[in-house]
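J.: Fold the following, please.
(chains A and B)
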There are 2 protein chains.
Amino acid sequence: MYRTHTCGCLRACNVNETVTLAGWVQKVRNLGAMTFIDLRDRYGLTQITVEEHSAAEVREAASRVGREWVLRVTGRVVEREAKNPKMPTGDIEVVAERIEVLNEAQTPPFTIEEQSDGGDDLRMKYRYLDLRRPPLQRNMILRHKMAQEIRRFLDSEGFLEIETPYLIKSTPEGARDFVVPSRMNPNQFYALPQSPQTLKQLLMVAGYDRYFQIVRCFRDEDLRADRQPEFTQIDCEMSFVEQEDVLEIFERWAKHMFREVLGVEFAEPLRRMPWIEAMEKYGSDKPDLRFGMEFADLTEAAKGHGFPVFDEAEYVVGFAAPGCASYTRKQIDALTEFVKRPQVGAKGLVWIRVEADAVKSSADKFYTPDEVRALADRCGAKTGDMVFILCGRKFRALTQLCALRLEVAQRLGLRDPKKFAPLWVVDFPMFEWDDETQRFYAMHHPFTSPKPEDVQYLRSDPGRVRANAYDFVCNGTELGGGSIRIHDQQLQAQIFECLGFTPEAAEEQFGFLMNAFRYGAPPHGGLAFGFDRLCSLFGGSDSIRDYIAFPKNNAGRDVMLDAPSAVAQAQLDELCLELRNPEA
Amino acid sequence: MYRTHTCGCLRACNVNETVTLAGWVQKVRNLGAMTFIDLRDRYGLTQITVEEHSAAEVREAASRVGREWVLRVTGRVVEREAKNPKMPTGDIEVVAERIEVLNEAQTPPFTIEEQSDGGDDLRMKYRYLDLRRPPLQRNMILRHKMAQEIRRFLDSEGFLEIETPYLIKSTPEGARDFVVPSRMNPNQFYALPQSPQTLKQLLMVAGYDRYFQIVRCFRDEDLRADRQPEFTQIDCEMSFVEQEDVLEIFERWAKHMFREVLGVEFAEPLRRMPWIEAMEKYGSDKPDLRFGMEFADLTEAAKGHGFPVFDEAEYVVGFAAPGCASYTRKQIDALTEFVKRPQVGAKGLVWIRVEADAVKSSADKFYTPDEVRALADRCGAKTGDMVFILCGRKFRALTQLCALRLEVAQRLGLRDPKKFAPLWVVDFPMFEWDDETQRFYAMHHPFTSPKPEDVQYLRSDPGRVRANAYDFVCNGTELGGGSIRIHDQQLQAQIFECLGFTPEAAEEQFGFLMNAFRYGAPPHGGLAFGFDRLCSLFGGSDSIRDYIAFPKNNAGRDVMLDAPSAVAQAQLDELCLELRNPEA
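T.: I've put the predicted structure just below:
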């Protein structure tokens, strides 16, 4: 036995026991003839003391050890003279009677403490050392706990976890697949799944009734900040359900998670916001409801007063920023610069300052004070508030104002990571029009069912058709989403047609699913949650990387493993592959 | 709500309730004016009756429906006149008041019942229909339950489930990797992990102390029967442990699984058999202990009597088959043919028939009756037994006799799938000599630690060095295995040398791990269990395919999805890859 206790568990009640601990040296301090060693493991930190009258070997060992050495220490637990109430083990220390060096360590390239002095790149290269730091250990423990809790809940509700294959068929629709060349089937490739969508639908056809899986998914996309080529989904599907059944059970699940993991209670039913309301009130299909600042449609009131910018715009929209009337010229300029950044793309920012005795606006010369007041009133502005207004094409202006709303909230300290405002966004449109390719795309995916009352518009006005689709949103982030699927072949064929598939192309890509649907497909639906994102939300962080043990960098590289890398010619030969010069 | 109850839950106490069920039509029977429909879902089967005086729409619907149609049925629960004690719902039936066809179904290509009339290929192609059959549903439910129970146990013991990446670095040692071309890093490849071995060791360096994962692994090997290119491991690792600690906790885990899942108790500590004993007594490092028939070394007693076959052999070995003295000439010939098959490879079979009054042997002319009797006695043969003897190179003869032992046990009905005989095999050799390449290979993997007392032979006699390695074996199958790892860099370097690596080659392949070991690696060890195999053992089947939702066939193809398949030229271009004609 290497140890009798962990470094986190000794308390005053253990005083006088002889114990053996094992762990890493966090710190060594010499105070006169005394040496103090902080010994760390996953469970905590215990102070080891070596005294003047300790045995020579013990003093010799203590004098040698450095940071991150691995020790086994046997000694007696004694009460500390100077107790440390900040440490769970702060009431005691262990007086070393034997110190065994289990392994030496080179000086680590950065400090392994709560805060590290290492830069991002260095910490990615030595990820195993970064992972030794307590904040990352807490993240991994949180992730483990959440995974356990997810499974416990879903198991108790009759969901079966069924593993689906990772080597599946490539489909050109959707994001780009990672592909895997097959040696036994030369010139052919498997694809890694972007999600087990079709497989879980086949499991419903197979009668499994309630399925889930915490499953890795893969997308070969250009990586934006905080995207990973492999990520983890909580993937769920149910048979014989309508939208309401899915929302009920996963609302209960979400509340269970908040309660069990964070101790946060949501007594009321979660808000269900139609997509159009989310867009018009918050400029986003994932509104952050931790704060107000709802948008008001000012189009009618703002147009026709000779202000060309508004007069030429399709849509004018604004919101009141609480208590911001005191913003200086410089602060307003900064926000104007913010909305003009290419990522936001607005042309300019109109403001109304609502003071006790007067309203002032950057558009004063086109409006009477009463007209300005009326605009501010529409936004629900109170004395002391500042109204911000943007205009342009409707959804573009809304999206731009959303960016401003979040920026203002950030400056006001309203985006509190300890506060949670979950909601469902429902009634999504079935299709999104793409100007570039001049065609409709499925907003969720081609298997999403339209609302029965909107099926009549499928041919005449596809943009009007709403889907039985829903997203679970919290704090401005989409945590999950799903839909009731189509289980009727004729309807499915019609949707493929709307999406511009010829029957042959639909057969080529989704033949196995459409074929399966001929043998008794039950009504079914489901959803998937982003597990990495859920962990980071629960952990109070914006970065999913901090919740993934071995993440990749923005170039898709694992710099610790040095992957991807070249493979031997012999292996390429076996795969009947040749490399082409990327410069050519 | 599509249903008020499932098809498995109605009992006599529900009589007179009005219920709604949804499910698949298993069978329709018309008996005069009555129609009986067996409605099936994952939970069971309920009999629906349509009576002469039922509403016209109901009778009309009942007359239309066929096998595997999906129905929603509302009706009243009534007590059956003819109860069926074999069905959990056999006390009741539901008199239909409304039948809604949720989906029609084409006639399935095979029957979807306990036993199917479909061949293997057809059932693989329509896997979603095969998965609808109750035996496969029971298998998937068993697998789910086992996964839950594994996690519950390991969580309660402080193991953290930590997800490791699937896109990692290719290493030429071991089996062949599946590789994944990287678009963002052209001409470079990720590899899919054969196991998370090095990653879990890095997690130990990172201080996670106890790790587990139920994780997919990938090996691009030529598929033998019941091998899959992707398979699932229960992967575990612990820090600050010796072999005894690992065996203790996983023996407790195994007993927990047998108890919770199968209700089988093992009160006694499991047997721990040294590798050499397993080989000499059973001819295998995974002995089947459900029955006896231990081997006896007959070399000394058999040689030197003028029987050239034995005299020329390195090793003579036999066992007594209980009650087989009555075997006919024909039966003995069949066993002789069996051992001569190329898969076994013996040259012939010597037998001794032990009867009450005499012993008879196929080698009678070289031995006196007393000498024959002595050989039989050495094998522990009793009156009525038959002794079988093989000879040749020691381990070759042992392995051949193992095949015969299992064959005889099979014929005697001793390989009972409801009986379980688990054990640990320990003290494996570190290295295996390969005649072909004239070098030693690691029997487990290059990170396995040698027994401290055998380190002295590393240079002088590597074949003599035993490892701190262990396998968990049950019923002749290796379910799992692992080792205590090397955490000392110098020792690791020495092992790489024994395996014929130059320091540069070792650095090239395992540099990141050896580098990590410079920063304070704790003593650690672990093991991995084959989850697919464990499920099939618990389910009483020889086939892992029956416990995998969507397995691949022997050519590595998913015939349902038709994967692998060709990918578009555009995608190959993005990946800077060209296909080579496999014929060339």
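J.: residues in contact with stretch A:165-174?
T.: A:177, A:179-180, A:189-194, A:199, A:216, A:445-446, A:509-510, A:512, B:166, B:178, B:192, B:216, B:218, B:229-230, B:549-550, B:552, B:558, B:561-565, B:567-568, B:571 (C-beta atoms under 8 Å, 6 or more residues apart in numbering or on different chains). Just so you know, the C-beta spots here come from the backbone N, C-alpha and C atoms, and that holds for glycine as well.
J.: Just those: which are in helices?
T.: Taking DSSP state H, the ones among these that sit in helices are A:199, A:509-510, A:512, B:571.
J.: want to try JSON lines for those residues, with distance to residue A:132 and neighbour count as columns?
T.: Below are the ones in helices among the contacts of stretch A:165-174 laid out as JSON lines (distance: C-beta to C-beta, whole Å; neighbours: other C-beta atoms under 10 Å in any protein chain shown):
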{"residue": "A:199", "distance to residue A:132": "38", "neighbour count": "25"}
{"residue": "A:509", "distance to residue A:132": "46", "neighbour count": "18"}
{"residue": "A:510", "distance to residue A:132": "47", "neighbour count": "20"}
{"residue": "A:512", "distance to residue A:132": "46", "neighbour count": "22"}
{"residue": "B:571", "distance to residue A:132": "40", "neighbour count": "20"}
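J.: Spatially, which two of those are the most separated?
T.: The most widely separated members of the ones in helices among the contacts of stretch A:165-174 are A:199 and B:571, with 21.5 Å between them, by C-beta to C-beta.
J.: Stretch A:46-63: end-to-end distance?
T.: 18 Å (C-alpha to C-alpha, to the nearest Å).
J.: Would you mark the buried spots in that stretch?
T.: A:46-50, A:54, A:58-59, A:61-62 (16 or more other C-beta atoms under 10 Å in any protein chain shown).
J.: ok so, going back, tell me the buried residues within the contacts of stretch A:165-174.
T.: A:177, A:179-180, A:189-194, A:199, A:216, A:445-446, A:509-510, A:512, B:166, B:178, B:192, B:216, B:218, B:229-230, B:549-550, B:552, B:558, B:561, B:563-565, B:567, B:571.
J.: any bit of the lengthiest helix in chain A sitting next to chain B?
T.: When chain A is scanned for its longest helix (criterion: DSSP H), the result is helix A:134-156. Yes - using C-beta under 8 Å from any C-beta of the partner chain, helix A:134-156 reaches chain B at A:137, A:140-141, A:143-144, A:147-148, A:151, A:155.
J.: from those, which single one is nearest residue A:79?
T.: Comparing the residues of helix A:134-156 next to chain B against residue A:79 with C-beta to C-beta places residue A:137 closest, at 28.1 Å.
J.: who are the neighbours in contact with the closest one?
T.: A:42, A:131, B:207-208.
J.: Widest-spaced pair of those residues?
T.: A:42 and A:131 (10.5 Å).
J.: shared neighbours, these two?
T.: By C-beta under 8 Å, 6+ apart, the residues touching both residue A:42 and residue A:131 are A:137, B:207-208.
J.: For the residues you listed, please prepare TSV with the additional fields pLDDT.
T.: Formatted as TSV, the shared contacts of residue A:42 and residue A:131 follow (pLDDT from 0 to 100):
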residue	pLDDT
A:137	97
B:207	98
B:208	98
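J.: which stretches of the stretch 251-400 of chain A aren't confidently modelled?
T.: The model of the stretch 251-400 of chain A has no residue with pLDDT under 70.
J.: domain parsing for chain A?
T.: Using automatic domain parsing, the domain parsing of chain A gives A:12-103, A:138-272+A:423-547, A:291-415.
J.: any idea which of these is most buried?
T.: Comparing these by mean neighbour count (mean count of other C-beta atoms under 10 Å in any protein chain shown), domain A:138-272+A:423-547 comes out on top with a mean of 19.
J.: Just the terminal-to-terminal distance for that domain.
T.: 9 Å.
J.: Backbone dihedrals for the residue lying closest to residue A:223 once chain neighbours are set aside, both of them.
T.: Leaving aside its sequence neighbours, residue A:223 sits nearest to residue A:554 (C-beta to C-beta, 6 or more residues apart in numbering or on different chains; 5.0 Å). Dihedral pair for residue A:554: phi -70, psi -10, per degrees, to the nearest 10.
J.: Kindly report the same for the one 5 residues further on.
T.: For residue A:559, the backbone dihedrals are phi -80, psi -20 (criterion: degrees, to the nearest 10).
J.: That one - how many residues pack around it?
T.: Number of residues near residue A:559 (other C-beta atoms under 10 Å in any protein chain shown) recorded here: 17.
J.: tell me the contacts of it?
T.: By C-beta under 8 Å, 6+ apart, the residues touching residue A:559 are A:121, A:124-125, A:553.
J.: Over to residue A:63?
T.: The neighbours of residue A:63, taking C-beta under 8 Å, 6+ apart as the test, are residue A:35.
J.: Three-state assignment for it, please.
T.: Following DSSP: H, G, I helix; E, B strand; the rest coil, residue A:63 is assigned to helix.
J.: in the sheet, who's paired with the closest residue in space to residue A:41 that isn't next to it in sequence?
T.: Of all residues not flanking residue A:41 in the chain, residue A:23 sits nearest, at 3.9 Å (C-beta to C-beta, 6+ apart). Here residue A:23 sits in beta bridges with residue A:71, as judged by DSSP bridges.
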